[in-house]
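# Give the three-dimensional model of this entry:
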Amino acid sequence: MARRTGRRPGNPDTREAILTAARQVFGERGFDQASVRAIAAAAGVDPALVHHYFGTKDNLFLAAMDAPVDPGELLPQALAGGPEEVGERLVRLVLGVWDSPAGVAALALLRSALTNDWTARLMREFVTTQIIRRVLGQLDLDQAELPVRSALVASQMAGLLVVRYILRLAPLSTMAADEVAAAVGPTIQRYLTGPLTAAAGATSG
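The predicted structure follows:
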């Protein structure tokens with residue numbers, strides 16, 4: 001029989017080929033500009049196979065990131081109860097993940113992002129599109145302010161995670177999650193819903 005050519009059929013290597021292509025395309029184009037069709041083309045498979053293995057682009061992105069949790073399943077906890085204390089609830093939720101068994105994988109991902117430019121690109125897309133955008137999208141905010149608010153929240157959360165889990169700077173590294181949330185939450189809240197000029201001024205002053 002003649003050897004079949006063309007797109008790679010479904011086989012044990014197909015899933016990993018798609019993930020490899022997804023990391024490349026997401027890293028080069030970002031989450032919004034990366035399409036399932038482009039990822040399929042890079043993997044040499046039909047787009048239907050991408051949907052078969054991963055379902056949605058969001059699911060594919062989480063798999064490509066080796067994300068320890070799905071933010072889409074957890075974030076409703078932070079958003080429940082109104083916008084007034086969402087900053088504190090968000091910090092408590094994030095620390096709950098990092099203090100759980102899933103935190104081992106999350107810490108490895110963060111360490112890699114600090115030393116590897118490609119992982120940093122993927123991490124940036126993950127934080128902005130899968131976490132912060134979903135939070136900001138549930139708040140009544142000026143759309144023009146969202147990029148700045150997103151960057152401010154990310155800077156605060158990234159700094160907190162690095163100091164608590166990588167540098168292990170006491171007493172922040174040993175404080176209970178509720179204590180940290182109570183201390184840091186109001187700053188996150190100001191970046192989310194407070195006057196933007198005041199928030200920006202606080203970071204540059």
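
# what pLDDT, on average, does the biggest helix by length in the chain get?
Under DSSP state H, the helix in the chain containing the largest number of residues is helix 14-33. For helix 14-33, mean pLDDT rounds to 95.

# now that helix, how far from the chain's geometric center?
Here helix 14-33 is found 15 Å from its chain centre; the criterion is CA atoms, centre = their mean, to the nearest Å.

# and whichever helix or strand comes after that helix, what other elements does it pack with?
Sequence order places helix 36-43 as the next helix or strand after helix 14-33, per DSSP states H and E. When contacts are defined as 3 or more CB pairs under 8 Å, 6 or more residues apart in numbering; DSSP states H and E, helix 36-43 sits against helix 14-33, helix 47-54, helix 57-65. All C-beta atoms are positioned from the backbone trio N, CA, C, and that covers glycine.

# and these as CSV, adding distance to residue 81?
CSV is the format used below for those (distance: least, CB to CB, whole Å):
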stretch, distance to residue 81
helix 14-33, 28
helix 47-54, 32
helix 57-65, 25
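
# now residue 95: how far from residue 111?
Distance, residue 95 to residue 111, by CB to CB, to the nearest Å: 18 Å.

# When these two are compared, which one has more neighbours?
Shown here are residue 95 and residue 111; by other CB atoms under 10 Å, residue 95 has more neighbours (22 against 14).

# and the more buried one, what helix or strand is that in?
Using DSSP H and E, residue 95 sits within helix 86-98.

# how about the CA coordinates for that helix, as CSV?
Extracted in CSV, the C-alpha atoms of helix 86-98 (Å, rounded to 0.1, in the frame of the first residue of the first chain):
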residue,chain,number,x,y,z
VAL,A,86,-13.6,41.8,44.9
GLY,A,87,-9.9,42.8,45.4
GLU,A,88,-9.7,41.0,48.8
ARG,A,89,-11.6,38.0,47.6
LEU,A,90,-9.3,37.7,44.5
VAL,A,91,-6.2,37.8,46.6
ARG,A,92,-7.6,35.1,49.0
LEU,A,93,-8.6,33.0,46.0
VAL,A,94,-5.1,33.2,44.4
LEU,A,95,-3.3,32.4,47.7
GLY,A,96,-5.7,29.5,48.2
VAL,A,97,-4.5,28.0,45.0
TRP,A,98,-0.8,28.7,45.7
